[in-house]
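Q: Predicted model and sequence follow; I will ask about them next.
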2 protein chains.
Amino acid sequence: MTSYATNTRALGATDFAVPVDDRYFEDYVPGMTYEYGHLTVSEREIVEFSLRFDPQPIHTDPAFAATGPFSGLIASGWHSAGLLMRLFADHYLSRVASLASPGVDELRWAAPLRPGDAVRLRVTTTGTRPSRSKPDRGLVHSEALLLNQDDRCPISFKVTNILRRRDGG
Amino acid sequence: MTSYATNTRALGATDFAVPVDDRYFEDYVPGMTYEYGHLTVSEREIVEFSLRFDPQPIHTDPAFAATGPFSGLIASGWHSAGLLMRLFADHYLSRVASLASPGVDELRWAAPLRPGDAVRLRVTTTGTRPSRSKPDRGLVHSEALLLNQDDRCPISFKVTNILRRRDGG
């Protein structure tokens, strides 16, 4: 399976003070927004992913898709989710303190993702709180959006992550 | 990229009267529940997916994961989403009438997905209504769960799909 390039980077002037391999619950500050990118996706990658996970002809058959509602092949919405997650894992989510995620809310596919699109992640820390039951960890709430070169949004969602505290609680 | 076997099937006594390639908005009946399966996932597939989309060591490094909170390698939550979607696309979602999905709500990862697990889809049509703006289509609301061999739930969500009407509206 093709691996995506890992030469993505912080795009804005704002980034965390500490790298992902030394980042803990305390390093996530509500109200902060970051951008990371870019990833691109090819027609072959879109078809390959969809044949495995979402074999609808609008995702697997360029000729069929050309006559469809989007006038061309579009990626599975779950492929868009994977691209967002790759940027989220490479740049935002701690590599040493992340314990789990209970889930995602308000996932929206507002625009198609097409071959050749270059996407970036925009992620905002919307809230944090210590765990009520376990003093060694806390919850980080974030809003994550994938944006394409035209600032349209193939996917967005709200996510909660559970992270260890630096001080051990 | 490895393709999953396509020999999955309806598991319960209940299935649609019409196959996915002749299924329209009118064929989705609120309150009906269906089950389809099974799919399995190997350690190699879990690692391969995660290296591409979610390179956290708990998903990519069996030795590291053995010492982690789940005592072993677990699949990316987005891999679980892909497995659910494959069963949803192969058995539930119309191949001829599906136009788009605006999104998903209340996505929850309640249990880990581990190598060797055999999962099935349980999907309930929770509601349907004609489109207010376009008479040729309607909205189908569904609750979808992936269940493993122990009836634990690696992923669940609520999803809306837009489908063409058989009668053209």
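A: Nice, I can see it.

Q: Tell me the buried residues in stretch A:14-27?
A: A:15-16, A:20, A:23-27 (16 or more other CB atoms under 10 Å in any protein chain shown). Glycine gets a C-beta too; all of them are placed from N, C-alpha and C.

Q: Of these, which ones also sit close to chain B?
A: On the criterion CB under 8 Å from any CB of the partner chain, none of the entries of these sits beside chain B.

Q: from those residues, which two are the most distant?
A: The most widely separated members of the buried residues of stretch A:14-27, counting by CB to CB, are A:15 and A:25 (17.8 Å).

Q: Could you export the buried residues of stretch A:14-27 to a markdown table, including columns for secondary structure?
A: Below are these laid out as a markdown table (DSSP: H, G, I helix; E, B strand; the rest coil):
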| residue | secondary structure |
| --- | --- |
| A:15 | coil |
| A:16 | coil |
| A:20 | helix |
| A:23 | coil |
| A:24 | coil |
| A:25 | helix |
| A:26 | helix |
| A:27 | helix |
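
Q: Closest one to residue B:10 out of those residues, please.
A: Nearest member of these to residue B:10, counting by CB to CB, is residue A:20, at 44.1 Å.

Q: correct me, but the closest one touches residue A:97?
A: No: when contacts are counted by CB atoms under 8 Å, residue A:20 is not listed as touching residue A:97 (9.5 Å).

Q: which residue sits closest to residue A:42, ignoring its sequence neighbours?
A: residue A:115 (5.7 Å; CB to CB, 6 or more residues apart in numbering or on different chains).

Q: and the one you found, what does it touch?
A: Contact analysis of residue A:115 by CB atoms under 8 Å, 6 or more residues apart in numbering or on different chains lists A:41-43, A:46, A:73.

Q: Without its sequence neighbours, what residue ends up closest to residue A:64?
A: Spatial nearest neighbour of residue A:64, excluding adjacent residues (CB to CB, 6+ apart): residue A:57 at 4.3 Å.

Q: which residues touch that neighbour?
A: Counting by CB under 8 Å, 6+ apart, residue A:57 has contacts A:64-65, A:68, B:95.

Q: mind listing what's buried in stretch A:47-55?
A: A:47-50, A:52-55.

Q: check whether the longest strand belonging to chain A contacts chain B.
A: When chain A is parsed with DSSP state E, its longest strand is strand A:118-130. No: applying CB under 8 Å from any CB, one finds strand A:118-130 separated from chain B by no less than 12.9 Å.

Q: Which elements pack onto whatever helix or strand comes next after that strand?
A: Remark: after strand A:118-130, the chain's next helix or strand is strand A:137-147, criterion DSSP states H and E. The contact analysis (3 or more CB pairs under 8 Å, 6 or more residues apart in numbering or on different chains; DSSP states H and E) places strand A:137-147 against helix A:77-91, strand A:118-130, strand A:155-164.

Q: Now do strand A:137-147 against strand A:118-130, angle only.
A: 160 degrees (axes from the mean of the first three to the mean of the last three CA atoms, to 10 degrees).

Q: Show me what strand A:137-147 is in contact with.
A: In contact with strand A:137-147 (CB under 8 Å, 6+ apart) are residues A:25, A:28, A:80, A:83-84, A:87-88, A:92, A:99, A:113, A:119-131, A:153-165, A:169.

Q: Narrow those residues to just the buried residues.
A: Using 16+ other CB under 10 Å as the burial test, the contacts of strand A:137-147 include A:25, A:28, A:80, A:83-84, A:87-88, A:92, A:99, A:113, A:119-126, A:128, A:131, A:153-157, A:159-165 as buried.

Q: Close to chain B: what parts of chain A are there?
A: Contact residues, chain A versus chain B (CB under 8 Å from any CB): A:1-4, A:48-49, A:51-57, A:69, A:76-78, A:81-83, A:85-86, A:89-90, A:93, A:95, A:98-110, A:157.
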